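Asks: pasted the sequence and its predicted model underneath.
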Amino acid sequence: MTGWRRAVAGAVLAGGSSQRMGADKASLEVDGRPMVMAPIEALCEAGVSPVSVIGGDPVALEGTGHEVAADLWPGEGPLGGILTALNLLDEEQQRPVMVLACDLPDASAATVGEILERSAAAPDSVVLPMLDGVPQWLHALWPAGARTPLTESFEAGERAPWRAGRRLPVIEVSVADGQTLGDIDTPEDLADRTDGCGATASRD
């Protein structure tokens, strides 16, 4: 494993309100285990370290075996969670951070690896996988130093990762298996996945 990959840290965002689902998505069981475990394991198996969980119920998430850090901006959406991850894991602004949402039950190390490979040639860029033509901002690699421009956007009132992220260079990647990018937002999404209807694109 190359040195640049070892330098990448990882975070899984688990602090969302889950209003559309009506239940805590991180601890929702999919395939017999909490949904948060799929993105955690995808990051770990891809060689990302350390991996932390951002937000969510620390008691419920204790069983993940990873650090659970409180969201520094609870209720402010995923951009606040991303900034919390960068503050925790890229404090000196020298380490890229791969950030995945907790609601990716088919997240895979192979897809994470594709994104990491692309980042090697563009270390200053946000690297985003694409699903049905939609960039997946909650399955993204944020470059070292991204915290400063994202913080400036956040302090100016921006809350959408896709708008704040466009302040940085962006590389959009077509991955081999788009199914690994599908998220679960509602009970209907969960039913569709169970029925084999495929992934759901999310802009966020």
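Replies: Here it is on my side, so go on.

Asks: please count neighbours and contacts with C-alpha atoms only from this point.
Replies: Noted.

Asks: which strand or helix spans the residue nearest in space to the middle of the chain?
Replies: The centre of the chain sits closest to residue 100, judged by CA atoms, centre = their mean, with a distance of 1.4 Å. Per DSSP states H and E, residue 100 falls inside strand 97-101.

Asks: what mean pLDDT does that strand have?
Replies: Mean pLDDT, computed over strand 97-101, is 98.

Asks: now do stretch 72-82
Replies: 94.

Asks: contacts for it, please.
Replies: 13, 15-17, 54-55, 71, 84, 99, 138, 154, 159-161 (CA atoms under 8 Å, 6 or more residues apart in numbering).

Asks: dump those into JSON lines; add distance to residue 167 and neighbour count as well.
Replies: Listed next are those as JSON lines, based on distance: CA to CA, whole Å; neighbours: other CA atoms under 10 Å:
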{"residue": "13", "distance to residue 167": "21", "neighbour count": "29"}
{"residue": "15", "distance to residue 167": "24", "neighbour count": "27"}
{"residue": "16", "distance to residue 167": "24", "neighbour count": "22"}
{"residue": "17", "distance to residue 167": "27", "neighbour count": "15"}
{"residue": "54", "distance to residue 167": "23", "neighbour count": "29"}
{"residue": "55", "distance to residue 167": "25", "neighbour count": "23"}
{"residue": "71", "distance to residue 167": "23", "neighbour count": "24"}
{"residue": "84", "distance to residue 167": "18", "neighbour count": "23"}
{"residue": "99", "distance to residue 167": "18", "neighbour count": "27"}
{"residue": "138", "distance to residue 167": "16", "neighbour count": "27"}
{"residue": "154", "distance to residue 167": "12", "neighbour count": "18"}
{"residue": "159", "distance to residue 167": "13", "neighbour count": "18"}
{"residue": "160", "distance to residue 167": "12", "neighbour count": "18"}
{"residue": "161", "distance to residue 167": "10", "neighbour count": "22"}
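
Asks: just flag the most distant two among the residues you listed.
Replies: Distance extremes for the contacts of stretch 72-82: the farthest pair is 17 and 154 at 19.1 Å, using CA to CA.

Asks: strands of this structure, start to end?
Replies: With DSSP state E as the criterion, the chain has strands at 9-13, 29-30, 33-34, 51-54, 67-69, 97-101, 126-131, 134-135, 139-142, 170-174.

Asks: circling back to that earlier point, from residue 81, how far out is the residue nearest to the centre of the chain?
Replies: 10 Å (CA to CA, to the nearest Å).

Asks: and for these two, which residues touch both?
Replies: Shared contacts of residue 100 and residue 81 (CA under 8 Å, 6+ apart): residue 13.

Asks: in PDB, list the C-alpha atoms belonging to the strand holding residue 100.
Replies: Extracted in PDB, the C-alpha atoms of strand 97-101 (Å, rounded to 0.1, in the frame of the first residue of the first chain):
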ATOM      1  CA  VAL A  97     -10.200  13.000   4.500                       C
ATOM      2  CA  MET A  98     -12.600  10.600   2.900                       C
ATOM      3  CA  VAL A  99     -16.100  11.400   4.100                       C
ATOM      4  CA  LEU A 100     -19.000   9.000   3.600                       C
ATOM      5  CA  ALA A 101     -22.600   9.300   4.800                       C
END
